[in-house]
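K.L.:
A predicted structure for the sequence below; I have some questions about it.
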Amino acid sequence: MSLAGGHLLPSPLRRAHAWARSRPWLARFTLANRLLLAMAFLPTGLVKATGQRFTTIPVDNPIGFFFEAMYQTGPYWYFIGAVQVVAAVLLLIPATAALGALLFLPVGISVFLITWGVGFQGTTWITAGMLLAVVYLVCWDGDRVWAAGAELFGFGGGAGVLEGMHPVELAGWTVGGAAGMGVFLVTRSFLPSDATRWFLVAGAAGGLLVLAGWVAGWLRGRTARET
């Protein structure tokens with residue numbers, strides 16, 4: 001069964017997605033993944049959201065030190081727990097399961113990298129499996145995800161912020177954005193400081209291109225309306 005927006009998927013992906021959605025055993029596998037992820041994250045999220053410590057490992061252990069530092073952040077600790085709880089609840093509701101899977105994706109990546117980075121022994125393999133489960137769920141709802149992305153970013157036939165923009169204006173946004181990114185990279189010492197002036201010049205040029213492209217697009221639209 002394909003949901004609304006599935007026709008926006010590229011043909012090979014659409015066929016693969018339709019095949020997967022037509023298999024009852026995969027539907028049950030999907031349900032099992034949703035339930036297991038919700039069961040894994042809802043309790044641990046509640047622990048954080050209610051202000052409790054996640055582990056009793058002493059702080060002289062790198063793992064215990066890390067989680068104690070996270071706990072001491074206060075609001076951030078509560079926020080992490082709230083996100084996990086919300087994602088788990090969304091995953092349990094069929095109408096919002098795709099949103100829950102998308103919300104779980106950065107959570108799953110973060111949890112995997114944390115357990116890997118602090119040397120959480122065998123737990124790393126568990127979190128890797130959880131991350132794979134999240135990726136699978138995102139693919140299962142790929143039609144919804146693709147349709148939402150098409151609407152937001154303008155690919156696959158959907159409307160987007162770049163639709164109808166004059167090429168000169170688009171070039172200006174590109175140049176200006178790259179220049180701004182370059183300035184911030186300089187402030188963090190990723191690029192030499194003497195490059196700042198060139199980025200500022202490029203930013204100014206990008207701004208002029210944006211203005212010129214906007215005027216050109218406005219004139220083009222006015223001419224089209226008059227004719």
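P.N.:
Received, thanks. Numbers count the residues shown, from 1 in each chain.
K.L.:
Check whether Gly45 really touches Ala82, as I assumed.
P.N.:
Yes - Gly45 lies in contact with Ala82 (Cβ atoms under 8 Å); the separation is 7.2 Å. (C-beta placed from N, C-alpha, C; glycine too.)
K.L.:
Next, the buried residues of the helix or strand harbouring Leu200.
P.N.:
Taking DSSP states H and E as the definition, one finds Leu200 inside helix 196-226. Across helix 196-226, burial judged by 16 or more other Cβ atoms under 10 Å covers Phe199, Ala202, Gly203, Gly206, Leu209, Val210, Gly213, Gly217.
K.L.:
Would you confirm that the last one contacts Glu169?
P.N.:
Yes - distance between Gly217 and Glu169: 6.3 Å, which falls inside the contact criterion (Cβ under 8 Å).
K.L.:
By mean pLDDT, flag the weakest helix or strand of this structure.
P.N.:
Sorting the helices and strands of the chain by mean pLDDT, DSSP states H and E puts helix 142-153 at the bottom, at a mean of 66.
K.L.:
Would you mind identifying the next helix or strand past that one?
P.N.:
Counting by DSSP H and E, the next helix or strand C-terminal to helix 142-153 is helix 167-187.
K.L.:
Can you tell me what sits against that next one?
P.N.:
If you take Cβ atoms under 8 Å, 6 or more residues apart in numbering as the criterion, helix 167-187 is touched by 162, 191-193, 195-196, 199-200, 202-203, 205-214, 216-217.
K.L.:
before we move on, what about stretch 19-37?
P.N.:
With contacts defined as Cβ under 8 Å, 6+ apart, stretch 19-37 is touched by 1-2, 88, 91-92, 97, 100, 104, 130, 133-134, 136-137, 140.
K.L.:
Repeat that for stretch 113-124.
P.N.:
Pro62, Ile63, Phe66, Phe112, Ile126, Thr127.
K.L.:
Apply 6 Å and report the result again.
P.N.:
Surrounding stretch 113-124, the residues in contact under the criterion Cβ atoms under 6 Å, 6 or more residues apart in numbering are Pro62, Ile63, Phe66, Thr127.
K.L.:
low-scoring stretches of the chain, by residue?
P.N.:
1-10, 147-164, 226-227 (pLDDT under 70).
K.L.:
and it, what are its domains?
P.N.:
The chain breaks down by automatic domain parsing into domains covering 6-153, 167-226.
K.L.:
Please work out which of the ones you listed is packed deepest.
P.N.:
Greatest average neighbour count among those goes to domain 6-153 (a mean of 16), per mean count of other Cβ atoms under 10 Å.
K.L.:
How far off centre is that one?
P.N.:
12 Å (Cα atoms, centre = their mean, to the nearest Å).
K.L.:
swap in stretch 189-203?
P.N.:
29 Å.
K.L.:
hey, C-alpha coordinates of that stretch in CSV?
P.N.:
Taking C-alpha atoms only, stretch 189-203 is exported to CSV below (Å, rounded to 0.1, in the frame of the first residue of the first chain):
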residue,chain,number,x,y,z
SER,A,189,40.4,29.0,13.1
PHE,A,190,39.5,26.5,10.4
LEU,A,191,40.6,29.0,7.8
PRO,A,192,43.4,31.6,7.9
SER,A,193,42.4,35.0,9.3
ASP,A,194,43.7,36.9,6.3
ALA,A,195,41.0,35.3,4.2
THR,A,196,38.3,37.3,6.1
ARG,A,197,38.5,40.4,3.8
TRP,A,198,38.0,38.2,0.7
PHE,A,199,35.0,36.6,2.3
LEU,A,200,33.6,40.0,3.1
VAL,A,201,34.1,41.1,-0.5
ALA,A,202,32.4,38.0,-1.8
GLY,A,203,29.6,38.5,0.6
